[in-house]
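Colleague: 3D, please:
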Amino acid sequence: MIPVGLAVPPGNGCDPFLSILQVTSSAFPTGSFSHSYGFECWLADRTIATPEQAEVRLRDWLRFTVATADAVAVAHAFREVLYAEMAGIAGLNRTVEALKLSREAREASAKSGAAFMAAFRDIFGLEATGRLAVIMEAHGQKPHHAVVYGVACAGMGWSEAQTVETYLYGSFSSLAAVLGRLLPIGQSDLQRIIAAAAPLILECSEIARARPLNDMSTLNSALDVAAMRHERLPSRLCMS
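Modeller: Presented below is the predicted three-dimensional model:
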């Protein structure tokens, strides 16, 4: 049984709950607001034409892509910091990259990861993210967002459950906000979609935390194809 409590103090010396509010804020610099992960292509070809269709696709993305891949990596990165002295973090990062089939998906994950790691280094000065940067450089790797998130949150003194749940919530709400800019949808309706996803987020957290590293997977090949086609759109608002 993996304990969910931590034996390390919060990285910024304050209550972990306050750091959660800061890190999960849309103002925290990760660049995720500029990535659609292929959804912009679905909007362009009318696979998604209404807010209702967008909500269905968002929920499927969270359950069958994020919960079984990136969120699993978040949980294992968290455990690497607490229980394994980050000995397997480079291998975990390689696995995350291998599961991202499209170039745009890999680049989006790596860019968000680099931005997130830099933000934690500059704002909180966490020892864990400093060690991660050294390991990534030694292995010639770019840190992926899920890996950085798990490492950083362990250093901040969050529990494993808080770490995985906030990652899932942040992923869902960020992409929902991106689609809110691309679709005719009101802010209240957008927030309703996010609020309605709460039970799914908790379900996905349980799935991610229970899944062995060797069972990481993504089951959304149609979205992978959309991400590959995205770079050929005649006009784009998002980077991926």
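
Colleague: now do the helix or strand of the chain with the lowest mean pLDDT: which elements does it pack against?
Modeller: Lowest by mean pLDDT, DSSP states H and E among the helices and strands of the chain is helix 221-230, with a mean of 73. Counting contacts by 3 or more Cβ pairs under 8 Å, 6 or more residues apart in numbering; DSSP states H and E, the secondary-structure elements packed against helix 221-230 are helix 39-44, helix 103-123. No exception for glycine: its C-beta is placed from N, CA and C like everyone else's.

Colleague: 10 Å instead?
Modeller: Other elements packing on helix 221-230 under the criterion 3 or more Cβ pairs under 10 Å, 6 or more residues apart in numbering; DSSP states H and E are helix 39-44, helix 51-61, helix 103-123.

Colleague: what's the most buried one of these?
Modeller: Using mean count of other Cβ atoms under 10 Å, the stretch among the helices and strands packed on helix 221-230 with the greatest mean number of neighbours is helix 39-44 (a mean of 23).

Colleague: and that one, what does it pack against?
Modeller: Contact partners of helix 39-44 among helices and strands, from 3+ Cβ pairs under 10 Å, 6+ apart: helix 51-61, helix 160-182, helix 221-230.

Colleague: give me whichever of the ones you listed is most buried.
Modeller: Mean neighbour count, computed with mean count of other Cβ under 10 Å, is highest for helix 160-182 among the helices and strands packed on helix 39-44, reaching a mean of 21.

Colleague: who touches the least confident helix or strand of the chain?
Modeller: 35-45, 47-48, 57, 60-61, 64-65, 100-106, 108, 218, 220, 236, 238-240 (Cβ atoms under 10 Å, 6 or more residues apart in numbering).

Colleague: make it 8 Å
Modeller: Surrounding helix 221-230, the residues in contact under the criterion Cβ atoms under 8 Å, 6 or more residues apart in numbering are 36-42, 47, 61, 65, 101-105, 218, 236, 238, 240.

Colleague: tell me the pLDDT at Leu190?
Modeller: The pLDDT attached to Leu190 in the predicted structure is 92.

Colleague: quick one, phi/psi of it?
Modeller: Listed backbone geometry of Leu190 is phi -60, psi -40, with angles given as degrees, to the nearest 10.

Colleague: ok so, going back, so can I have CSV of the helices and strands packed on helix 221-230 showing mean pLDDT and distance to Met156?
Modeller: As requested, these are arranged in CSV below (pLDDT from 0 to 100; distance: least, Cβ to Cβ, whole Å):
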stretch, mean pLDDT, distance to Met156
helix 39-44, 80, 30
helix 51-61, 93, 26
helix 103-123, 88, 8
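
Colleague: need those in JSON lines with distance to Ser173, can you?
Modeller: Conversion of these to JSON lines gives the following (distance: least, Cβ to Cβ, whole Å):
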{"stretch": "helix 39-44", "distance to Ser173": "14"}
{"stretch": "helix 51-61", "distance to Ser173": "10"}
{"stretch": "helix 103-123", "distance to Ser173": "14"}
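
Colleague: I'm done for today, thanks for sticking with me.
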